[in-house]
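Peer 1: Okay, predicted coordinates and the sequence, questions at the end:
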Amino acid sequence: MFACLSRERGNPENAAQWMPAGVYPAAALRADRGTGMATICLKLIFAGLLFFTAQPAIAQPVTAKAELDDAITVLKTYHINRAKVDWPTLELHAQEMISGKATASDAYPAIYYLIVQLGEKHTSLHTADRTKAMMTDQAVGSAHPYLTVLPEGHFLEGNIGLLTLPTDYGSPSDNISYAQAAQQAVQRFSDKHVCRFIVDLRANTGGSMYPMVDGVEALLGSPPYGYWQAENKPDTAWTDPSNQFYSAQAGKPLPHVPAASRDLASKSVVAVLIDHDTASAGEFTAIAFEGRPHTRIFGESTAGFLTSNMAHRLPDGALLAVSTGWSTDRLHRPYRSEIVPDEPAAKGQATFDAAVAWLNRQSCPND
């Protein structure tokens with residue numbers, strides 16, 4: 001998910017409406033003089049494309065130079081590694097790469113080049129076709145939208161509840177369905193007096209963070225579950241006290257599915273499963289459990305897509321996700337490279353077996 005959303009000044013329709021994968025705490029709008037844009041800081045985390053509002057019709061073709069120049073401006077202004085590179089040399093080479101080129105898409109290789117030179121893996125470029133496919137939920141050229149797989153709950157031997165939280169790159173309505181499916185599974189467990197839980201985030205490569213956090217809110221207790229970190233600024237809670245994330249639309253709240261109760265948090269033991277494929281929004285959902293009492297994390301270290309990102313729409317409608325900051329857990333402990341499990345275990349069944357063995361040794365809190 002992204003940390004900030006940008007829009008061209010005077011064109012609010014140009015703002016990408018990210019259904020957090022990261023993400024959102026209260027949004028703060030600030031005008032950035034000299035960049036020709038108004039930037040709405042969201043505290044999102046990006047793992048993949050989510051859902052966007054419609055892109056206004058483009059009156060005339062966008063040139064390769066206009067596309068590249070806009071990308072350079074954004075990267076030079078906001079990227080966390082912007083002060084670590086030789087911009088005159090990078091810009092010269094990037095401009096040489098588009099020499100004689102005409103269309104906006106001809107600038108994509110030069111933009112990819114700049115991203116690589118910045119030396120940070122969470123920044124990414126998504127072509128205009130890919131962005132439109134996610135926006136319309138329709139195939140555009142060779143780009144196709146993602147299919148949403150909903151969370152599932154399963155009763156295990158020993159009165160353990162298993163909740164799987166898959167990747168979520170869905171539309172706003174998909175995100176609501178995702179959160180509801182997770183909450184309904186947790187409620188079914190609660191109705192059967194289950195107090196030992198496994199939350200499986202293995203292979204969750206990210207997408208939208210807020211439906212994942214909403215889905216397990218009953219197990220998390222009272223927010224905040226984490227904080228965003230920006231350069232030379234105080235930490236900012238992911239959400240408001242009601243666990244509400246916000247979008248770029250002038251601080252408009254995103255669809256929120258509140259838990260019926262957070263009482264289950266004080267009565268339950270939780271094992272969280274992660275692996276090398278757990279990334280971005282999946283990682284931030286794991287961070288939401290860090291610092292929670294009666295909780296242990298099992299498996300492998302995660303993929304390490306732990307920056308908050310800014311989603312910027314380029315002139316042709318492509319989306320540039322720029323890493324702008326970091327995050328901490330509820331105890332203000334920072335995460336920069338990866339999430340390390342409390343109990344390392346080999347990928348696959350060994351992780352699951354270790355979690356079950358630990359849960360079977362735990363008594364339920366407040367019994």
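Peer 2: That came through, no problem.
Peer 1: how about the helices of this protein, start to end?
Peer 2: Residue ranges of the helices in the chain, as given by DSSP state H, are 64-78, 87-97, 108-117, 128-136, 172-191, 209-215, 217-220, 281-289, 349-360.
Peer 1: Which of the ones you listed sits closest to Ile160?
Peer 2: Using Cβ to Cβ as the criterion, the shortest distance between Ile160 and these is 5.7 Å, found for helix 349-360. In this view, the C-beta of every residue, glycine as well, is placed from N, C-alpha and C.
Peer 1: Which positions within the closest one qualify as buried?
Peer 2: Within helix 349-360, the residues that count as buried by 16 or more other Cβ atoms under 10 Å are 351-352, 354-356, 358-359.
Peer 1: and Leu320, what does it touch?
Peer 2: Leu320 makes contacts with 71, 74-75, 111, 123-126, 311-314, as judged by Cβ atoms under 8 Å, 6 or more residues apart in numbering.
Peer 1: I figured Gly158 was touching Cys195, is that so?
Peer 2: No - with the criterion set as Cβ atoms under 8 Å, Gly158 and Cys195 do not qualify as a contacting pair; they are 11.1 Å apart.
Peer 1: hmm, back to that, out of the contacts of Leu320, which one sits closest to Ser268?
Peer 2: Out of these, the one with the shortest distance to Ser268 is Ala311. That distance is 34.9 Å, counting by Cβ to Cβ.
Peer 1: Tell me the bridge partners for that closest one.
Peer 2: Counting by DSSP bridges, Ala311 forms beta bridges with Leu5, Ala321.
Peer 1: That one and Asp200: what is the separation?
Peer 2: Distance of Ala311 to Asp200, computed by Cβ to Cβ, to the nearest Å: 28 Å.
Peer 1: Neighbour count: those two, which is higher?
Peer 2: Set Ala311 next to Asp200 and count neighbours by other Cβ atoms under 10 Å: Ala311 wins out with 29 against 25.
Peer 1: quick revisit: closest one of the contacts of Leu320 to Glu96?
Peer 2: Nearest to Glu96 among the contacts of Leu320 is Ile111, at 13.8 Å by Cβ to Cβ.
Peer 1: That closest one reaches Leu68, doesn't it?
Peer 2: Yes - counting by Cβ under 8 Å, Ile111 touches Leu68, with 6.5 Å between them.
Peer 1: Those two - which one has more neighbours?
Peer 2: For Ile111 against Leu68, the residue with the higher neighbour count under other Cβ under 10 Å is Leu68, and the figures read 26 against 22.
Peer 1: Which residue is the nearest non-sequential neighbour of the more buried one?
Peer 2: Here the nearest residue to Leu68 in space, its sequence neighbours aside, is Ala107; by Cβ to Cβ, 6 or more residues apart in numbering that works out to 4.2 Å.
Peer 1: can you list residues touching both of Ile111 and Leu68?
Peer 2: Counting by Cβ under 8 Å, 6+ apart, the common neighbours of Ile111 and Leu68 are Ala94.
Peer 1: and Gly221, how many neighbours does it have?
Peer 2: Neighbour number of Gly221 under other Cβ under 10 Å is 18.
Peer 1: ok, it - contacts?
Peer 2: Gly221 touches 262, 265-266, 292, counting by Cβ under 8 Å, 6+ apart.
Peer 1: Can you say which of those residues are buried?
Peer 2: 262, 265, 292.
Peer 1: do you know how far the second one is from Ser323?
Peer 2: For Ala265, the distance to Ser323 under the criterion Cβ to Cβ works out to 31 Å.
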